[in-house]
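Peer 1: Okay, predicted coordinates and the sequence, questions at the end:
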Amino acid sequence: MTDDTAESTAVDPSASRADEPTRRGPGRPRRRISMEDVADVAVQLFSEGGYDAVSVEAAAERLSVSRATLYRTVATKDDLLGIVLERLTHELSEGAAELMDATEDPEEALLGLLRLQIAAAIKTRRYLAVFFGGVGLAPEAYARWQEWSRDYEALWTTAVTRAMKADVLQWSDPRITTRLLLGMAIWVSRWYRPAEGFTAEEIAEAAAQLISSHRAT
């Protein structure tokens, strides 16, 4: 490969997301990719086959680029894993923050967080050990995950504390209650089976009944 050819295949961070990585037919490999496309493909691979389905080679094939092109930005499987995790944690944090900002009622805010987390648990059930355990991450990505985890738990703790003050929940240590509620929602990923026909909303409503049951006594 000549220097001119190498320059022409460099990753272009400004490349449009209009290129649908999974819809490209056979033909000449694409020479420019964006990080958004890389993230899209990495998430697709995880969703379809879990941790073992993800590799730089598989991502390059989906993107219709050469491995050499993709290696310029994503050199290892751990890098891909970090991209997936950052995409999903950002989406979850953004959704939770928007819900808290838009909802003044403490009960509705807490139930909204619960629904959001249960939906995320179902979506990420194939790789939840990565999503909520940081398994397999490079040190830099793991440090970012730890910071995200603390911030996300703090947001939940705020919602739980408000719910306790409004008598939506019985008063207890907010941090312990937060971790119990989060643990309940996260564990959905371990027992959820699509064939059983339960929807995320039905599961969230059942959990909501557990949370608010003390008000009926």
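Peer 2: Perfect, I can see it now. The structure presented is a predicted model; accordingly, all values stated were derived computationally and were not measured.
Peer 1: Just give me the residue right at the centre of this protein.
Peer 2: Nearest to the geometric centre of the chain sits Leu88, at 2.3 Å (C-alpha atoms, centre = their mean).
Peer 1: Please tell me how far that residue sits from Val56.
Peer 2: According to C-beta to C-beta, to the nearest Å, Leu88 and Val56 sit 19 Å apart. Where you see a C-beta, it was placed from the backbone N, CA and C, and this is true even at glycine.
Peer 1: Surely Leu114 and Glu205 touch.
Peer 2: No - using C-beta atoms under 8 Å, Leu114 makes no contact with Glu205, being 9.6 Å away.
Peer 1: more crowded one of the two?
Peer 2: The residue with more neighbours, out of Leu114 and Glu205, is Leu114; 23 against 14, by other C-beta atoms under 10 Å.
Peer 1: which residues in the chain form helices?
Peer 2: Ranges of helices in the chain, per DSSP state H, are 3-8, 35-49, 56-63, 67-71, 77-102, 106-123, 128-133, 139-165, 174-191, 200-212.
Peer 1: is it possible to export the ones you listed to JSON lines including mean pLDDT?
Peer 2: Formatted as JSON lines, these follow (pLDDT from 0 to 100):
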{"stretch": "helix 3-8", "mean pLDDT": "39"}
{"stretch": "helix 35-49", "mean pLDDT": "83"}
{"stretch": "helix 56-63", "mean pLDDT": "90"}
{"stretch": "helix 67-71", "mean pLDDT": "86"}
{"stretch": "helix 77-102", "mean pLDDT": "87"}
{"stretch": "helix 106-123", "mean pLDDT": "90"}
{"stretch": "helix 128-133", "mean pLDDT": "58"}
{"stretch": "helix 139-165", "mean pLDDT": "89"}
{"stretch": "helix 174-191", "mean pLDDT": "91"}
{"stretch": "helix 200-212", "mean pLDDT": "83"}
